[in-house]
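> Sequence isn't available, so here's the structure alone:
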C-alpha cells in the first residue's frame, strides 16, 4: 500500500512583532504566539512587520518587512552596501547604544552561567573605538566568476551567495582600494579563478593587510592548486600598486574547509611588513594573527597590562602568544617572559620580533599551552603571572585543571567571547576571585567585543 506524505506548508501572513531586546548576534528578539522570534535588523522598542521564514521546534526565524514604530536609536544604514552581508549587524544602531549592548552581553553571559560571586563583579562601561568606521586593517575577500561576471567580496551568512563589495565601510580605505584594483587586474589579465562547482583550480581568496604604522600593504593570493594561469604576471602588476610591499601565494585544496592552506610562498617583495603598537615593532608574515583594529589594539593591551600589575622579579607566561605582542610589550616590566603558541610560523615571527625590539628576556615556545605549561613548572620555572588570549572557543578544560594546580598569583584573561569566558569562570573561580571585567570595542558595527577579566588568587 502506497502512503502519501505531505509536507506541511507554512501559510502565515506577515506578522506584527514588538521587539523586546537584542540577541547576542545583534538580531531583534520578540515573541509570536509565545514562541521566541529572531529578526535581524530590528531594534528594541520597535514595532515591526516581519515574515516568518523558518519554524524551528523552539524558535522562529523572521525577516524584517517594514518598521511600523521606529526606535529613536536607529541610524541610517551605510549606503552602497548590502545589509545581507556579515560584519555590519549593528550598523543601524547608534554607536553609544552599541557600546551599551556589548556590556550587556557580558552581564547576560554571567547571569546565564553564574560563576561564583558573579553578582559582585565590576563590569566597566565599554571603551569606545577611536574610529567607528574604516578601522579594519585586513580584508579577506572571496572571488568567483558567475556567468562572465567577476564578484569579489563576502558570502552572506550561512549561504554560498557571494556579494560583490565595491564599498565596505568598516575596511580601511587602503585595503578596500587595493582589493578593487586587484579585481580589475584579474579581469584584465584573465587570471584563472577557482570554480567550486567544477572543482577547477584557480584564484579563490584575496587577502590584503595594511600595517597602520608604516602603511605597508601585504597581499596574499589564496589558490586552489599551485600552477595558476597568469598568477606570476598578476603578482608583478600588484607590486606596482601604491604601498604594496609584498605578494604571497597560499595554496589550499577543495577538501580543506578552512580559508587558508598550509603552504605559503613569497612571489615578490619583502618577507614581512612592520606594524607598531605602543612603541614596539612587530613583523608580520601572511598567516600571523594580529588584531584587526590597530588603534584600538593599543587601548586593549594597555588595559591588559594595567590589570596584570607586574613586578620586576616576576616571570610572565604569555599563553596563546601569537606573534608575541603582549609578552614583548610587558618584557621591560618583568624578569622573564615565556610565550606559548601552537602555530610554528607565529612562534618564528615572535622570535623575530624579540630581536627586532632588542629584547633579551623573552623566549617563545611552540606547543599547546596545556602541555607546555606543566613542563615549565616541572623544570623549575616560576609561573608568577599569566595572561591568556584564547580563540572564541575559550580555554581547554585540561588547561583549566592545570591552572588550578599551578595557581599563578596574577592572572588576566582576554576574551573575544563573553559566553565562553563566563563558562570558563565557573571552574576558574574555584581558586580565583574576579574583581573586574573591562570591555573594549575592537569591532564597531558588529556584535563582537573583547573583554579583559582580572582574576585574583583567593587566599
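Noted; the coordinates are in hand. Predicted model only: the values in this text are computed from it and were never measured.
> which regions of the stretch 1-150 of the chain sit below the pLDDT cut-off?
By pLDDT under 70, the low-scoring segments of the stretch 1-150 of the chain are 1-12.
> Where do the strands of it begin and end?
15-18, 21-22, 28-32, 35-39, 47-55, 60-69, 122-123, 138-146, 149-155 (DSSP state E, counting those that start in this stretch).
> for the ones you listed, which one sits closest to residue 221?
Closest to residue 221 of those, according to CB to CB: strand 138-146, at 9.5 Å. Heads up, the C-betas are built off the backbone N, CA and C, glycines and all.
> other SSEs contacting the host helix or strand of residue 304?
Using DSSP states H and E, residue 304 falls within helix 294-308. Of the remaining helices and strands, those touching helix 294-308 by 3 or more CB pairs under 8 Å, 6 or more residues apart in numbering; DSSP states H and E are strand 273-277, helix 325-330, strand 385-388, strand 410-415, strand 432-440, strand 450-457.
> now the ones you listed as a markdown table including mean pLDDT, mean neighbour count and distance to residue 147?
Below are those laid out as a markdown table (pLDDT from 0 to 100; neighbours: other CB atoms under 10 Å; distance: least, CB to CB, whole Å):
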| stretch | mean pLDDT | mean neighbour count | distance to residue 147 |
| --- | --- | --- | --- |
| strand 273-277 | 96 | 21 | 37 |
| helix 325-330 | 96 | 25 | 45 |
| strand 385-388 | 96 | 24 | 48 |
| strand 410-415 | 95 | 24 | 44 |
| strand 432-440 | 95 | 21 | 44 |
| strand 450-457 | 95 | 22 | 41 |
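> among these, which is nearest residue 144?
Minimum separation from residue 144 across those (CB to CB) falls at strand 273-277, 27.6 Å.
> Compute the inter-axis angle for the closest one and helix 294-308.
Strand 273-277 runs at 50 degrees relative to helix 294-308, counting by axes from the mean of the first three to the mean of the last three CA atoms, to 10 degrees.
> Which strands or helices does strand 273-277 pack on?
strand 280-284, helix 294-308.
> quick one, what contacts the residue nearest to residue 429 when sequence neighbours are not counted?
Excluding the flanking residues, the one nearest residue 429 by CB to CB, 6 or more residues apart in numbering is residue 116, at 3.8 Å. Residue 116 is in contact with 425-426, 429-430, counting by CB atoms under 8 Å, 6 or more residues apart in numbering.
> Could you pull out the buried residues of stretch 200-214?
By 16 or more other CB atoms under 10 Å, the buried positions in stretch 200-214 come out as 201-212.
> need the helices and strands packed on strand 273-277 in CSV with distance to residue 328 and mean pLDDT, can you?
Listed next are the helices and strands packed on strand 273-277 as CSV, based on distance: least, CB to CB, whole Å; pLDDT from 0 to 100:
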stretch, distance to residue 328, mean pLDDT
strand 280-284, 5, 95
helix 294-308, 10, 95
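> of the ones you listed, which approaches residue 378 most closely?
Nearest to residue 378, of those and by CB to CB, is helix 294-308 at 24.2 Å.
> For the closest one, which residues meet the burial criterion?
Buried residues in helix 294-308, defined by neighbour count with 16+ other CB under 10 Å: 294, 296-301, 303-305, 307-308.
> how about the residues you listed in CSV, adding distance to residue 124?
Below are these laid out as CSV (distance: CB to CB, whole Å):
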residue, distance to residue 124
294, 23
296, 16
297, 18
298, 18
299, 13
300, 13
301, 16
303, 9
304, 13
305, 16
307, 11
308, 16
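> Among those, which one lies nearest to residue 95?
residue 296 (13.4 Å).
> Wait, the closest one touches residue 137, no?
No - taking contacts as CB atoms under 8 Å, residue 296 lies outside contact range of residue 137: 10.8 Å.
> Residue 408 reaches residue 383, doesn't it?
Yes - contact criterion CB under 8 Å: residue 408 and residue 383 qualify, at 4.7 Å.
> which neighbours do those two share?
Common contacts of residue 408 and residue 383, defined by CB under 8 Å, 6+ apart, comprise residue 317.
> returning to that earlier point: which pair in the buried residues of stretch 200-214 spans the largest distance?
201 and 212 (34.5 Å).
> where's residue 259, which helix or strand?
Using DSSP H and E, residue 259 sits in no helix or strand.
> any idea which helix or strand carries the closest residue in space to it that isn't next to it in sequence?
What sits nearest to residue 259 in space, not counting adjacent residues and going by CB to CB, 6+ apart, is residue 205, at 5.7 Å. According to DSSP H and E, residue 205 maps onto strand 202-210.
> And the next helix or strand past that strand?
Of the helices and strands lying after strand 202-210 in sequence (DSSP H and E), the nearest is strand 217-224.
> Tell me which other helices or strands that following strand touches.
Judged by 3+ CB pairs under 8 Å, 6+ apart, strand 217-224 is in contact with helix 173-189, strand 202-210, helix 231-239, strand 244-252.
> Many thanks, we can stop here.
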